[in-house]
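Asks: Okay, predicted coordinates and the sequence, questions at the end:
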Amino acid sequence: MRALTWHGRHDVRMETVPDPEIVNPRDAILKITSTAICGSDLHLYDGYIPTMRSGDILGHEFMGEVVETGAKSTLKKGQRVVVPFTISCGNCFFCQKTQFSCCDNANPAETSDASETLMGHPMGAAFGYAHLTGGYAGGQAEYVRVPFSDVGPIVIPDGLEDDKVLFLSDILPTGWMAAENAEIEEGDTVAVWGCGPVGLFAIQSAFAMGAYRVIAIDHYPSRLKLAKQMGADILDYREVEVLEALKEMTGGMGPDAVIDCVGMESHGMSIDNVVDTIKAHAYLATERPHALRQAIIACRKGGRVSIPGVYGGFADKFPLGQVMEKGLTVKTGQTHMQRYLRPLLEMIGEGKLDTTFLISHREPLERAAELYRHWHDEQDTYTKIVLKPEMAKPRTQAAQPAMATA
């Protein structure tokens, strides 16, 4: 089959690789019908996430048609399903508490041991996102193996085309949980750093949860335009001093809740971010948390901090004193996907949530490597790229998986 593979910093390639096969009885094989490039994929592209290996198949936002099932899969051939980016067993302590992204069983021992050394506990598993999270092959491919297929995928009813539901795979539930973690109350003012896909869905979700005012912070005109169309007030951090502007807009108090949708690669020429960038390139630090620092300082006393942005290690100059002295509540984590899939699917079906506004480009999968470069360098033009494998060739039944799996 054809798949997008990683070979180093800024080096991704479309290659022919072995087809996946059933490994465990709870597996299913999907023929991919739609897949997308996520902002988190750019962290891999930039080389910020450790334990990637040459030839790893990328992609964690995908959906498709079931073409083969293991003996214990609950899926049926021919069903259309969206697959959450996290891989969860459904039976462990954390899955039983609906903390699905913390699953203890999906990340194999040979890879979870390394993540335990880095994080203190084994990380959960995810598709196409380094061997710290299991080394599972991703879905920017013609076919993909889905472990625990009786737990993760959600069946899509007829009449809902891919574009409306594809983002259930990650960014829509992630934006929703980001707003939920902000504990939004009726009438709140919420500030959102980063108007990429997750940020825009966090804005949409915040309004749905009763926010009176949402303030969106970014510097890309196209993203700010989309945020404004959704009803948000906008701040271009290149044109205003963000902290002063937020104080003025909130009567000196600061936002009731803040959401950091930027993560480890903050942009900007502030002194702290320049120092962070130098340290990151010299492998002296892993994070550039300028946006998070700013969000914490901006938040009102007694407010809430939500962090859906991806971080991978240790951050310098973290404003812990401000968190403690202001009595802030901080919530973060990878999205507990299965908790949100069904209610969000119902909202999409009822027309209460729209996702298609985000798509700027629909392109063939074969152009994936080129489109990574475009999105990395032209984020004002590329807001969301959906890839279509289209004419996938029949699978070779005897093939082996392209990445280490369990």
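Replies: Nice, I can see it. Numbering: from 1, shown residues only.

Asks: now residue 93: how far from residue 79?
Replies: To residue 79, residue 93 is 30 Å away according to Cβ to Cβ, to the nearest Å. Quick note: C-beta positions are derived from backbone N, CA and C, even for glycine.

Asks: Please identify which of the two sits among more neighbours.
Replies: Legend: neighbour count by other Cβ atoms under 10 Å for residue 93 and residue 79, higher for residue 79 (16 against 11).

Asks: That one touches residue 154, doesn't it?
Replies: No - contact between residue 79 and residue 154 fails when scored by Cβ atoms under 8 Å: they sit 10.1 Å apart.

Asks: buried residues in stretch 341-361?
Replies: 341, 344-345, 347-348, 353, 355, 358-359, 361 (16 or more other Cβ atoms under 10 Å).

Asks: With stretch 308-321 instead?
Replies: Neighbour counts using 16+ other Cβ under 10 Å place 308-312, 315, 319 of stretch 308-321 among the buried residues.

Asks: Same question for stretch 2-18.
Replies: Within stretch 2-18, the residues scored as buried using 16+ other Cβ under 10 Å are 2-6, 12, 14-15, 17.

Asks: Distance across that stretch, terminal residue to terminal residue?
Replies: Terminal residues of stretch 2-18 lie 9 Å apart, using Cα to Cα, to the nearest Å.

Asks: what sits up against it?
Replies: Outside of stretch 2-18, the residues within contact range by Cβ atoms under 8 Å, 6 or more residues apart in numbering are 1, 44-47, 52-59, 137-138, 140-142, 365-366, 368-369, 372-373, 376, 389, 392, 396, 399-402.

Asks: Inside strands: which ones of those?
Replies: Here DSSP state E is the test, and these give 56-57 as lying in strands.

Asks: Assign residue 168 to helix, strand or coil.
Replies: At residue 168, secondary structure determined by DSSP: H, G, I helix; E, B strand; the rest coil is helix.

Asks: repeat for the one 10 residues further on
Replies: Remark: residue 178 carries the secondary structure label helix [criterion: three-state DSSP].

Asks: I'd assumed residue 306 was in contact with it.
Replies: Yes - counting by Cβ under 8 Å, residue 306 is a contact partner of residue 178 at 5.1 Å.

Asks: Pull up the overlap in contacts between those two.
Replies: Common neighbours of residue 178 and residue 306, counting by Cβ under 8 Å, 6+ apart, are residue 259.

Asks: Let me have the buried residues of stretch 341-361 in CSV, adding pLDDT, secondary structure and distance to residue 330 as columns.
Replies: Formatted as CSV, the buried residues of stretch 341-361 follow (pLDDT from 0 to 100; DSSP: H, G, I helix; E, B strand; the rest coil; distance: Cβ to Cβ, whole Å):
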residue, pLDDT, secondary structure, distance to residue 330
341, 98, helix, 25
344, 98, helix, 24
345, 98, helix, 29
347, 96, helix, 27
348, 97, helix, 30
353, 92, coil, 27
355, 93, coil, 28
358, 95, helix, 27
359, 96, coil, 32
361, 95, strand, 35
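
Asks: Can you lay out these as JSON lines showing distance to residue 109?
Replies: Formatted as JSON lines, these follow (distance: Cβ to Cβ, whole Å):
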{"residue": "341", "distance to residue 109": "28"}
{"residue": "344", "distance to residue 109": "33"}
{"residue": "345", "distance to residue 109": "34"}
{"residue": "347", "distance to residue 109": "38"}
{"residue": "348", "distance to residue 109": "38"}
{"residue": "353", "distance to residue 109": "39"}
{"residue": "355", "distance to residue 109": "37"}
{"residue": "358", "distance to residue 109": "38"}
{"residue": "359", "distance to residue 109": "39"}
{"residue": "361", "distance to residue 109": "40"}
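
Asks: Fine by me, thanks again.
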